[in-house]
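1. Just need the structure, nothing else, for what follows:
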Amino acid sequence: MNEFKTYKEVNSLLGEFLEGFSFFEPKDLYFKHPTNLDISFADQKYLYYYNQSRKNGVLNNKERLDLLIKEKIWQSERDKEIEELHFQLINLRQTKSKMFVSKQIQEINDRIKETEKQYINLKLEKEELIGETAETYAIKKSNEYFVLSLFYKDENLKECVINKKNAEDISLEDSEDIFIYYNITSSKFNKNIKKIAALPSLINAIFLFEDGIIDFFGKEVLRLTIYQSEVLSKLKNYKNVLVKSSSFPPENLYEDFDNLVKWYESAGMDIPAEVKAENANKQKENAGGSYIGATKEEMEKIVKNQGDIPIDLVKEAAKKGGELSFADIMKLHE
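-> Numbering: from 1, shown residues only. From the prediction side, this is the model:
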């Protein structure tokens with residue numbers, strides 16, 4: 001199970017997260033959560049395997065691609081299409097990060113999903129045509145090294161399942177379960193980083209450290225696991241949200257950490273002054289038109305960031321006998 005929603009589910013990750021390792025019971029092994037140092041060592045192996053394959057006459061990506069274009073199996077225009085789709089994805093995700101309204105977020109999610117599908121399919125087609133190169137060989141071998149180098153036979157993480165110094169001929173015998181466990185566990189933490197950061201125990205702890213967070217986890221920042229580094233970054237953001245808003249999330253949000261994370265993420269939006277002014281002018285020109293489909297809670301968050309007071313149109317209509325003309329609405333926004 002990689003989707004954790006309730007407090008108890010998310011809090012169940014805290015022990016492994018803080019310890020920096022997970023126990024793989026079927027194999028009686030310990031999975032050390034990776035650090036940036038581990039990634040660096042894997043990159044060293046990548047360069048080793050790449051150079052080794054080049055010495056053996058294996059073509060690299062560019063050489064294979066040039067050959068495919070020369071033989072008219074692949075067109076350079078399709079590379080431009082891949083770049084354009086990638087650029088579109090970046091823009092769509094940036095746009096989504098600035099949205100409050102659920103309906104608009106769902107619409108852009110649909111666009112992201114469709115664009116991703118086109119992008120992935122085109123990249124896969126290209127990769128299949130290129131086939132194995134010096135890069136793909138090096139990636140495969142260094143990834144194998146990286147995963148196996150994270151598994152240990154003891155909880156002190158002293159005896160690795162492979163000899164890290166002499167890992168040129170990595171034995172993959174009976175290691176399929178290890179790779180499956182690595183993927184499942186990595187996905188479990190990657191998908192729940194924001195939820196772990198929203199745990200009250202960590203939120204309370206970050207306030208105790210003021211700005212001195214160097215040893216928040218009891219070790220040097222550069223030796224934190226990648227999960228701890230990401231949570232620490234999120235914790236700093238969430239702390240700023242609480243300080244600026246001078247409020248805490250409603251208690252009922254802890255029943256579903258997806259909603260709790262949404263509260264932190266939306267409350268943390270920092271809208272520049274010029275954008276606030278622009279939005280205010282648009283509201284006067286077209287009352288409510290910019291936020292069609294917004295719920296009451298979403299509108300309150302939007303106007304809070306804009307520095308305005310939310311207007312309850314139902315109450316205002318009651319004052320006018322049950323109906324508001326367009327002129328009435330315009331006056332409310334003056």
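2. On the three-state scheme, the residue nearest to residue 67 when sequence neighbours are not counted is what?
-> Setting aside the residues directly before and after it, residue 67 is nearest to residue 59 in space (C-beta to C-beta, 6 or more residues apart in numbering), at 7.5 Å. Heads up, the C-betas are built off the backbone N, CA and C, glycines and all. The three-state assignment at residue 59 reads coil, by DSSP: H, G, I helix; E, B strand; the rest coil.
3. and residue 59, what is it in contact with?
-> Shown in contact with residue 59 (C-beta atoms under 8 Å, 6 or more residues apart in numbering): 67, 133-134.
4. so where do the strands sit in the chain?
-> Secondary structure of the chain by DSSP state E: the strands cover 21-24, 29-32, 151-152.
5. For these, please prepare CSV with the additional fields distance to residue 3, mean pLDDT and mean neighbour count.
-> Below are the strands of the chain laid out as CSV (distance: least, C-beta to C-beta, whole Å; pLDDT from 0 to 100; neighbours: other C-beta atoms under 10 Å):
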stretch, distance to residue 3, mean pLDDT, mean neighbour count
strand 21-24, 18, 96, 18
strand 29-32, 20, 96, 20
strand 151-152, 25, 95, 20
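6. TSV for the ones you listed, including distance to residue 55?
-> Output for the strands of the chain, formatted as TSV (distance: least, C-beta to C-beta, whole Å):
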stretch	distance to residue 55
strand 21-24	36
strand 29-32	32
strand 151-152	30
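7. just to revisit the earlier point, what about the residue nearest to residue 67? Give its phi and psi, please.
-> Dihedral pair for residue 59: phi -70, psi 150, per degrees, to the nearest 10.
8. circling back: specify which member of the contacts of residue 59 is nearest to residue 180.
-> Comparing the contacts of residue 59 against residue 180 with C-beta to C-beta places residue 133 closest, at 26.6 Å.
9. how deep is residue 10 tucked in, by neighbour count?
-> 21 (other C-beta atoms under 10 Å).
10. just checking, it touches residue 4?
-> Yes: in terms of C-beta atoms under 8 Å, residue 10 counts as a neighbour of residue 4; the distance is 4.8 Å.
11. Overlap of the contact sets of the two?
-> Common neighbours of residue 10 and residue 4, counting by C-beta under 8 Å, 6+ apart, are 192, 195, 257.
12. quick one: the residue nearest to residue 50 when sequence neighbours are not counted from residue 162, how far?
-> Spatial nearest neighbour of residue 50, excluding adjacent residues (C-beta to C-beta, 6+ apart): residue 138 at 3.9 Å. According to C-beta to C-beta, to the nearest Å, residue 138 and residue 162 sit 18 Å apart.
13. Same check on residue 81?
-> 41 Å.
14. Give me the below-cutoff pLDDT ranges for the protein.
-> Low-confidence segments of the chain (pLDDT under 70): 1-2, 166-173, 210-215, 268-334.
15. and it, what are its domains?
-> Domain assignment of the chain by automatic domain parsing yields the ranges 7-190, 193-245+254-259, 273-332.
16. Rebuild those as TSV, extending it with distance to residue 267.
-> Formatted as TSV, those follow (distance: least, C-beta to C-beta, whole Å):
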stretch	distance to residue 267
domain 7-190	10
domain 193-245+254-259	5
domain 273-332	7
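17. Nearest residue to residue 254 in space, please, no chain neighbours.
-> Nearest residue to residue 254 in three dimensions, chain neighbours excluded: residue 7, at 5.1 Å (C-beta to C-beta, 6+ apart).
18. number of nearby residues for residue 193?
-> For residue 193, the neighbour count with other C-beta under 10 Å is 20.
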